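Q: Here is my input, please return the structure:
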Amino acid sequence: MVYICRCMARSAVPDVLGDNLRVVFCGINPGRVSAAAGAHFANPRNDFWRLLADAGFTPRQLAPEEQRDLLDLRIGVTNAAYRTTPGSGDLRRADFAGSAERLRALADELRPRMIAFVGKEAYRGAFGERPELGLQERALGDTALFVLPSTSPANAAVPYVERLRWFRELKAWLDAPRHRDGVRALVLDPADRVLLVRFEFPNGDAVWATPGGGVDPGESDEAALRRELAEEAGLEEATIGPLVWTRFHEWTDLSPRWDGQQERFYLVRTAESFEPAPRFSAEELAAEHVYGIRWWTPEELAASDESFSPGGLPELLATLRREGPPAAPVDVGARPGYGSSQ
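A: Predicted structure coming up:
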């Protein structure tokens, strides 16, 4: 699929966008040379194409008219503003109207791992704030943002080697595996039922899994568990018990920012049964791939042909009920069922 921009503005230089992109480079706007060529960064004095090759994004230096070849390398290109001007200094604030919303829509639909702004002014035009070079704290959903030095000849005061350093840093960030810490709760009520969440993914897979999610920087496992249980189940009061299982959960298409999650499973006992009442709306839950939550009895688990996560969950829970919490956490990553990647 090729992405079709749904904004009102039109550019003399068409966006180069499609599915399965690792990075989208975002320039500031088309200059006259690029507009005449109908290609991004077409000024022969612009170092963009040379930097892509020298940083390892492309196997050789592509010519601007070969820009569609970038899609085969999982690279896209767009601009923060669409109006053609002699120079970026001729842009007006109104030229960036809707830019942030358009980039968010692009991130939501295409889910690239990164949008890399070619120049601070491209980022500033979109978001109205001056950034530092490098990875930004702001993100668009799961899509990270990175600011590079401008490749324009007007930025000649910045040495080529310095610009190349930032392009290589971006490439290293994209190439490095990205793993985060996560916590999950084995929530058991007095009747020994387990609370499970139904996840449905864009590739059509569906699985019943324990509630939980990522641990934010500086957050404790207990705080993360309580936050996730409140959001997904409406459970405000619970006893956080021992750590019973661990696993590494690797994924390829759930989040462009992460390649996997190191998960820790804690036993959580509730004093009484309750009806799950997620704090988030159905739309907010769907954005997290959540489409249901319910209690399961041991008999229902044993008889079900649904997919569970981690794989072998019914047998793992039966062992836990029978033998109690293990002396040391058990690695449950390689189990039959929905697969070790879930």
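
Q: How is the chain partitioned into domains?
A: What automatic domain parsing lists as the domains of the chain is 23-175, 179-331.

Q: Next, the buried residues of the helix of greatest length in the chain.
A: When the chain is parsed with DSSP state H, its longest helix is helix 160-175. Burial within helix 160-175, assessed by neighbour count using 16 or more other C-beta atoms under 10 Å, is assigned to 163, 164, 166, 167, 169, 170, 171, 173, 174. The C-beta positions use only the backbone N, C-alpha and C, and glycine is treated the same way.

Q: contacting residues around the fifth one?
A: This points to residue 169. Contact analysis of residue 169 by C-beta atoms under 8 Å, 6 or more residues apart in numbering lists residue 134.

Q: Distance of it relative to residue 202?
A: For residue 169, the distance to residue 202 (C-beta to C-beta, to the nearest Å) stands at 30 Å.

Q: Could you say which of the domains of the chain is packed most deeply?
A: For the domains of the chain, average neighbour numbers computed from mean count of other C-beta atoms under 10 Å are highest in domain 23-175, which has a mean of 18.

Q: can you give me how far that one is from the chain middle?
A: Relative to the mean C-alpha coordinate of its chain, domain 23-175 is positioned 19 Å out (C-alpha atoms, centre = their mean, to the nearest Å).

Q: Can you measure across it, start residue to end residue?
A: Terminal residues of domain 23-175 are spaced 11 Å apart (C-alpha to C-alpha, to the nearest Å).

Q: okay, and for the stretch 151-300 of the chain, where does confidence drop off?
A: The model of the stretch 151-300 of the chain has pLDDT under 70 over residues 250-259.

Q: those strands in it, which residues are they?
A: For the stretch 151-300 of the chain, the strands defined by DSSP state E, counting those that start in this stretch cover 179-188, 194-200, 206-209, 212-214, 239-250, 260-269, 290-296.

Q: Throw these into a markdown table and include distance to residue 41, thanks.
A: Below are the strands of the stretch 151-300 of the chain laid out as a markdown table (distance: least, C-beta to C-beta, whole Å):
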| stretch | distance to residue 41 |
| --- | --- |
| strand 179-188 | 34 |
| strand 194-200 | 40 |
| strand 206-209 | 43 |
| strand 212-214 | 36 |
| strand 239-250 | 36 |
| strand 260-269 | 34 |
| strand 290-296 | 41 |
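
Q: Enumerate every residue touching residue 125.
A: Residue 125 touches 28, 80, 81, 91, 95, 96, 99, counting by C-beta under 8 Å, 6+ apart.

Q: Distance to residue 41 for these - can I get that in a markdown table?
A: Output for the contacts of residue 125, formatted as a markdown table (distance: C-beta to C-beta, whole Å):
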| residue | distance to residue 41 |
| --- | --- |
| 28 | 11 |
| 80 | 14 |
| 81 | 15 |
| 91 | 17 |
| 95 | 18 |
| 96 | 19 |
| 99 | 18 |
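
Q: Which one among those residues sits at the bottom for pLDDT?
A: Least confident entry in those, by pLDDT: residue 91, with 81.

Q: My guess is it contacts residue 79. True?
A: No - Residue 91 lies out of contact with residue 79 (C-beta atoms under 8 Å); the separation is 10.6 Å.

Q: who touches both of the two?
A: 28, 29.

Q: Torsion angles phi and psi at the most centrally placed residue in the chain?
A: When C-alpha atoms, centre = their mean is applied to the chain, the residue found nearest the centroid is residue 142 (2.8 Å). The phi/psi pair for residue 142 (degrees, to the nearest 10) reads phi -90, psi 0.

Q: Residue 135 looks like it's in a helix, true?
A: No - assessed with DSSP: H, G, I helix; E, B strand; the rest coil, residue 135 is strand; it does not lie in a helix.

Q: State the distance from residue 213 to residue 309.
A: According to C-beta to C-beta, residue 213 and residue 309 sit 13 Å apart.

Q: With residue 134 instead?
A: For residue 134 relative to residue 309 (C-beta to C-beta), the value is 35 Å.

Q: likewise residue 262?
A: Residue 262 is 15 Å from residue 309, where distance means C-beta to C-beta.

Q: ok, now residue 228?
A: Distance, residue 228 to residue 309, by C-beta to C-beta: 15 Å.

Q: I figured residue 272 hits residue 193, correct?
A: No - the criterion here is C-beta under 8 Å, and residue 272 misses it with residue 193 at 11.8 Å.
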